[in-house]
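J.: Can you look at this prediction? I've put the sequence above it.
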Amino acid sequence: MVANLPNALTWLRILLIPLFVAVFYLPDGVVPTHLINIIATGIFALASVTDWLDGWLARRLNQTSAFGAFLDPVADKLMVAAALLVLVDLDRAGIAASLIIIGREIAISALREWMAKEGRSSSVAVSFIGKLKTTAQMLSILLLLFHDAIFGLDCQWLGRWLLDIAAFLTLWSMLHYLRMAWLAMKGQPAS
């Protein structure tokens with residue numbers, strides 16, 4: 001394991017997961033619900049920022065490592081899965097959309113690992129549709145965590161709507177990655 005600032009930020013993101021989940025399951029009355037929503041949204045936002053920051057620092061400081069490249073997406077997927085499971089439990093997120101997103105993350109992670117072993121990891125590199133999916137997914141989770149209205153905007157309605165869009169983009173991006181992997185394995189160039 002390489003000890004550097006980017007990897008420390010990734011570990012921080014993993015360590016935030018139990019804290020994030022615990023906030024929602026404090027005994028009733030210990031913390032007002034609105035404050036719980038704010039705290040959880042803040043923790044998730046901090047985790048999201050560290051996700052961007054650890055990658056940026058790794059490249060900027062020339063501290064990229066195989067361990068960091070492995071751990072970073074694992075931390076992301078764990079945080080998103082934890083958030084979606086909590087949101088489903090609180091009846092703030094749809095089960096189908098959440099399962100699609102979590103299932104796709106597992107499937108694409110396995111596909112990327114397999115393609116890396118085949119020496120073809122570049123064929124399943126992050127695409128624009130994957131980035132668009134991630135944006136919709138992260139915004140939806142933040143809105144669903146916050147839950148309360150912001151300047152009259154119904155965060156619950158908008159968050160669910162964005163989560164459904166993220167689920168659609170999730171399926172679309174999964175098909176894209178599967179197609180790229182299939183073409184790579186057949187030795188055909190991607191179009």
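T.: Everything's here; your move.
J.: any low-confidence regions in the chain?
T.: Scanning the chain for pLDDT under 70 picks out 1, 120-125, 188-191.
J.: Confirm that Ala3 sits in a helix.
T.: No. Using DSSP: H, G, I helix; E, B strand; the rest coil, the secondary structure at Ala3 is coil, not a helix.
J.: Roughly how far does it sit from Ala66?
T.: Distance of Ala3 to Ala66, given as C-beta to C-beta, to the nearest Å: 14 Å. The C-beta positions use only the backbone N, C-alpha and C, and glycine is treated the same way.
J.: Other residues contacting stretch 83-92?
T.: If you take C-beta atoms under 8 Å, 6 or more residues apart in numbering as the criterion, stretch 83-92 is touched by 20-21, 24, 40, 44, 93-95, 98, 101-102, 141, 144-145, 147, 156, 159-160.
J.: hmm, which of those are the buried ones?
T.: The neighbour count (16 or more other C-beta atoms under 10 Å) marks 20-21, 24, 40, 44, 93-94, 98, 101-102, 141, 144-145, 147, 159-160 as buried among the contacts of stretch 83-92.
J.: Among those residues, which lie within strands?
T.: Among the buried ones among the contacts of stretch 83-92, no member falls in strands (criterion: DSSP state E).
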